[in-house]
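>>> Sequence plus the predicted model coming up.
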Amino acid sequence: DDELQTDGNRSGHFRNGELGLAPTNEEVIRIIAAQLAEIGDQFDKEIQERVVNGLVQHFRNENLSNEEITRHMSRVVRELIRAIPSDMEQEKAMLVLAMVLTKKIVNTVPSLLRRVVNTTLNYMNQQFHNYIVEMVSA
């Protein structure tokens, strides 16, 4: 039940009214988060504005279900992974791309924050849950 937060902090859980931190190695999580942030900064420069604007239009379309938007986001991430040369594991690159796209979309249209974050979390849970667990436990 441990969760990796994008800022590198461990998630907390309330127990008897108090915030209890999940038992993990905080330093390992901070190192992973710093590495992902560095990779994200590199990818950020490669993502074209038209890609972000296309995703924004999908998120703004109230007629599309969350599943349809998640599938579209998955297609965009797969297309970007082919377009951006990278010497890292495909799962890691795709995970970082999803987080960078989320940041860029929210920076473009802050009112979409909730929908974008929820969709990204669903996408990451569907596609990368085991990878994230392995990365944190390694």
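Structure's in. What do you need?

>>> measure the most centrally placed residue in the chain to residue 62 for me?
For the chain, the residue nearest the mean C-alpha position is residue 99 (3.0 Å; Cα atoms, centre = their mean). Remark: distance between residue 99 and residue 62 (Cβ to Cβ, to the nearest Å) = 25 Å. The C-beta positions use only the backbone N, C-alpha and C, and glycine is treated the same way.

>>> now swap in residue 96 and tell me
29 Å.

>>> More neighbours: the two, which one.
residue 96 (24 against 6; other Cβ atoms under 10 Å).

>>> was I right about the more buried one contacting residue 33?
No - with contact defined as Cβ atoms under 8 Å, residue 96 does not count as touching residue 33 (11.2 Å).

>>> helices or strands up against the strand or helix carrying residue 132?
Residue 132 is part of helix 113-137 when elements are defined by DSSP states H and E. Under the contact definition 3 or more Cβ pairs under 8 Å, 6 or more residues apart in numbering; DSSP states H and E, helix 113-137 sits against helix 26-44, helix 49-60, helix 66-83, helix 90-108.

>>> any idea which of these is most buried?
Of these, the one with the most neighbours on average (mean count of other Cβ atoms under 10 Å) is helix 90-108, at a mean of 19.
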